[in-house]
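> How does the following fold in three dimensions:
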Amino acid sequence: MKRRRVLYGGAVLAGGLLAGAGFVGGVAVGSSDRPELLPERAPRTPEEAWRLLMAGNERWASGRSIHPNQDVARRLEVAGGQAPYAVVVSCIDSRVPPEMVFDAGVGDVLAVRTAAHTVDPLVTAAIEYGPEDLRASLVVVLGHQRCGAVTAAAQALSKGDRLPGGMQHIVTALRPAYARMTGRGRVIVDPLLVESMVRDHTVNVTRQLARDPLLAPRIRGGGLRVVGAYYSLETGRISRLL
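Numbers count the residues shown, from 1 in each chain. I've put the predicted structure just below:
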């Protein structure tokens, strides 16, 4: 039986309702029983991809997640190949899982996660894979409130300490943001400094990726956009920075 695509990516009915979401008359019903009609096709432009992500984030923040594309049918659909519409570059923080905060599902986003969303050549290559090989039209660099990695780096820099093992690489990556926010002087680390560093670092990584030799031509051609954004742990909402 041919699978209906009234919901983008598939129905959320597979042997019963999944995690508070159901499939009723061509609409997905969230936990508050308010219908959410999703696109019938994958987004084709960066603007459409961003709107889809933000609509999902609004559902998440308001407690109306519908958990799309998380059923058996979707798993089978993407088993033979994937076509994610966005790459999300975010922190490893357990409180900021990309698929959850954007209310997305299997095969929707390519998640690239590092401490404080820092990038190096290997991470950049993983990000490039989305637009270059999978034709994703959007890259989102997502910073977040009260980032532990940023806090640790700021404390190390303010005291002149060195973090153990490979964690010192995080300090090195965040040194420019610390310098811009403090004027290179050693200061007391407080929440305001951490938040300003998170935002500055997010914007800097976004601009760095926008200049990437593989990504830049796609951006100039209109088929790709790199967006910097910020996630609030308290509200669950994502705001655009760049």
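> Any figure for the gap between the residue most central in space within the chain and residue 96?
The centroid of the chain falls nearest to residue 88 when counting by CA atoms, centre = their mean (3.4 Å). Distance of residue 88 to residue 96, given as CB to CB, to the nearest Å: 10 Å. Glycine gets a C-beta too; all of them are placed from N, C-alpha and C.
> anything in contact with each of these two?
residue 142 (CB atoms under 8 Å, 6 or more residues apart in numbering).
> one step back: specify the local secondary structure of the residue nearest to the centre of the chain.
Following DSSP: H, G, I helix; E, B strand; the rest coil, the label given to residue 88 is strand.
> With adjacent residues omitted, what lies nearest to it?
The spatially closest residue to residue 88, leaving aside those adjacent along the chain, is residue 98, at 4.2 Å (CB to CB, 6 or more residues apart in numbering).
> re the thing from before, I'd say the residue nearest to the centre of the chain and residue 111 touch.
Yes. Counting by CB atoms under 8 Å, residue 111 is a contact partner of residue 88 at 5.3 Å.
> shared neighbours of those two, anything?
With CB under 8 Å, 6+ apart as the test, residue 88 and residue 111 both reach residue 98.
> Now residue 236. Nearest residue, chain neighbours left out?
Leaving aside its sequence neighbours, residue 236 sits nearest to residue 61 (CB to CB, 6+ apart; 3.8 Å).
> Count the residues that sit near that neighbour.
When neighbours are defined as other CB atoms under 10 Å, residue 61 has 17 of them.
> Next: residue 110.
Residues near residue 110, counting by other CB under 10 Å, number 21.
> That one belongs to a strand, doesn't it?
Yes. Assignment of residue 110 by three-state DSSP places it within a strand.
> Spatially, what comes nearest to residue 45 if we skip its sequence neighbours?
Nearest one to residue 45, counting by CB to CB, 6+ apart, is residue 137 at 6.1 Å.
> hang on, isn't the one you found packed against residue 221?
No. Residue 137 lies out of contact with residue 221 (CB under 8 Å); the separation is 10.9 Å.
> the more surrounded of these two?
Using other CB under 10 Å as the criterion, residue 137 and residue 221 rank with residue 137 on top: 24 against 8.
> quick revisit: how about the contacts made by the residue nearest to the centre of the chain?
98, 102, 109, 110, 111, 112, 139, 140, 142.
> quick one, what contacts the fifth one?
Residue 111 is in contact with 87, 88, 90, 98, 99, counting by CB under 8 Å, 6+ apart.
> One more pass at 10 Å, please.
Contacts for residue 111 (CB atoms under 10 Å, 6 or more residues apart in numbering) come out as 84, 86-90, 97-99, 102, 104, 126, 130, 142.
> Now render those as JSON lines, adding pLDDT and distance to residue 203.
Compiled in JSON lines, these are given as follows (pLDDT from 0 to 100; distance: CB to CB, whole Å):
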{"residue": "84", "pLDDT": "98", "distance to residue 203": "24"}
{"residue": "86", "pLDDT": "98", "distance to residue 203": "19"}
{"residue": "87", "pLDDT": "98", "distance to residue 203": "17"}
{"residue": "88", "pLDDT": "98", "distance to residue 203": "16"}
{"residue": "89", "pLDDT": "98", "distance to residue 203": "13"}
{"residue": "90", "pLDDT": "98", "distance to residue 203": "15"}
{"residue": "97", "pLDDT": "98", "distance to residue 203": "23"}
{"residue": "98", "pLDDT": "98", "distance to residue 203": "19"}
{"residue": "99", "pLDDT": "98", "distance to residue 203": "24"}
{"residue": "102", "pLDDT": "98", "distance to residue 203": "20"}
{"residue": "104", "pLDDT": "98", "distance to residue 203": "24"}
{"residue": "126", "pLDDT": "98", "distance to residue 203": "21"}
{"residue": "130", "pLDDT": "98", "distance to residue 203": "20"}
{"residue": "142", "pLDDT": "98", "distance to residue 203": "12"}
